[in-house]
Structure formats: C-alpha cells, structure tokens
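**Q** make a model of this:
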Amino acid sequence: MTLALPAIVSASSNDLASSGKEFDAVIAVYPSVSQELLSAFSSLNNYTTIDKDFGSSLTVIPDQNVAGGRLILAPTGSLYGDSDDVRKFQEVTKAAMKRAQAAGAVAPLFYFPTKIDR
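**A** Presented below is the predicted three-dimensional model:
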C-alpha cells in the first residue's frame, strides 16, 4: 500500500469533518492534551474524563466527525527540555504515518495546534 503524496494546506477545525473525500484519517500532533485539541475534537472529552493518562501515547480513536472516521493521536511529549527540538515532530509523525497506514489510511490529514502551551 502506498500513501498519497503529501501536500501542505491550511485547514481549520471545520475542515476536519468527515464530509471531505480528500482525506481518510486525521493525525493530531501535539505536545500535550490542551483545550484547543479538545475543542477541535470534541469526542476526546469522553476519554479524558475516565483516563488521566489519555493522549500520552500514539492512539487510534474512532471518530465519525473526522475524515475517514479515524483520529490518530500523536503526542510529542515535552518540547521544552534541553535536548528537545524538531526531531520530536519528525519521530512522532513518522510513527503516526506508519500507524495510519496499518489502520488502512492512505491520505491522512495532519492537524497541528496553532498554539503550544507551556
């Protein structure tokens, strides 16, 4: 199975909806679960109330409100340590792409928060 060639597009949370046929999964890359992430993906609220560790590891969540019905959570972890840099994003996006492919996705949409909280 081959993945679609990547394209960089500016998308709002409204563009994450399942109505579009261009994408078949959404990969959310973030350092920690934030209010912005919970606002963009309201289905996550149910999980965060029952699991305090939710969102701290690579996870596939069924979500009919996103493209393809697949939401892949890809946390980077802390970005403020002495050795933290852009490689964290490279490592987690690579792992998330492999996980998306294993789940059957071939054209995922990457979602990055507009603001990174400290």
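**Q** show me which helix runs longest in this structure.
**A** helix 87-102 (DSSP state H).
**Q** from the contact counts, what lies against the helix or strand following that helix?
**A** Per DSSP states H and E, the first helix or strand lying C-terminal to helix 87-102 is strand 108-111. Identification of packing neighbours for strand 108-111 by 3 or more C-beta pairs under 8 Å, 6 or more residues apart in numbering; DSSP states H and E yields strand 25-30, helix 87-102. Glycine gets a C-beta too; all of them are placed from N, C-alpha and C.
**Q** where does the chain dip in pLDDT?
**A** Where the chain drops to pLDDT under 70, the residues are 1-15, 18-20, 116-118.
**Q** give me every residue that touches residue 35.
**A** Neighbour list for residue 35: empty [criterion: C-beta atoms under 8 Å, 6 or more residues apart in numbering].
**Q** does the nearest residue to residue 24 once chain neighbours are set aside count as helix, strand or coil?
**A** Leaving aside its sequence neighbours, residue 24 sits nearest to residue 68 (C-beta to C-beta, 6 or more residues apart in numbering; 3.5 Å). Judged by DSSP: H, G, I helix; E, B strand; the rest coil, the three-state class of residue 68 is helix.
**Q** that's all I had, so thanks and see you.
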